[in-house]
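Q: would you be able to build a 3D model of this:
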Amino acid sequence: MPPTVFRQGAFRFFFFSREEPRVHIHVTHTDGEAKFCLEPQIELAMNQGLSTKQINEASLLVQDHL
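A: Take a look at the predicted model:
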């Protein structure tokens, strides 16, 4: 299982080592998952099943914990 960076509510933030060269974070939720690139700026790279509200909430959490 990939290491968990932190949990907040129904979100779990984690990463896979050696997955790809871009610095990024994965987010899972009971409704789906997403991936955010962290450099050069925080940017949504993938979303599967999360609502716009959930993506916005996850993005704010990524920014707060960057």
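
Q: what ranges does the chain have for its strands?
A: 4-8, 11-14, 24-29, 32-37, 43-48 (DSSP state E).

Q: want to throw those into JSON lines with mean pLDDT and mean neighbour count?
A: Placement of C-beta: from N, CA and C, glycine included. Shown next, in JSON lines, are the strands of the chain (pLDDT from 0 to 100; neighbours: other CB atoms under 10 Å):
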{"stretch": "strand 4-8", "mean pLDDT": "94", "mean neighbour count": "12"}
{"stretch": "strand 11-14", "mean pLDDT": "97", "mean neighbour count": "17"}
{"stretch": "strand 24-29", "mean pLDDT": "96", "mean neighbour count": "20"}
{"stretch": "strand 32-37", "mean pLDDT": "97", "mean neighbour count": "18"}
{"stretch": "strand 43-48", "mean pLDDT": "97", "mean neighbour count": "14"}
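
Q: would you turn these into a markdown table with distance to N56?
A: Output for the strands of the chain, formatted as a markdown table (distance: least, CB to CB, whole Å):
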| stretch | distance to N56 |
| --- | --- |
| strand 4-8 | 14 |
| strand 11-14 | 12 |
| strand 24-29 | 12 |
| strand 32-37 | 11 |
| strand 43-48 | 10 |
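
Q: D64: which of those is closest?
A: Closest approach to D64 among these (CB to CB): strand 4-8, 8.9 Å.

Q: so that closest one versus strand 24-29, what angle?
A: Direction vectors for strand 4-8 and strand 24-29, defined by axes from the mean of the first three to the mean of the last three CA atoms, to 10 degrees, enclose an angle of 40 degrees.

Q: enumerate the beta-bridge partners assigned to the residue lying closest to E57 once chain neighbours are set aside.
A: The shortest distance from E57 to any non-neighbouring residue, by CB to CB, 6 or more residues apart in numbering, is to F11 (7.6 Å). Listed by DSSP bridges, the beta-bridge partners for F11 are Q8.
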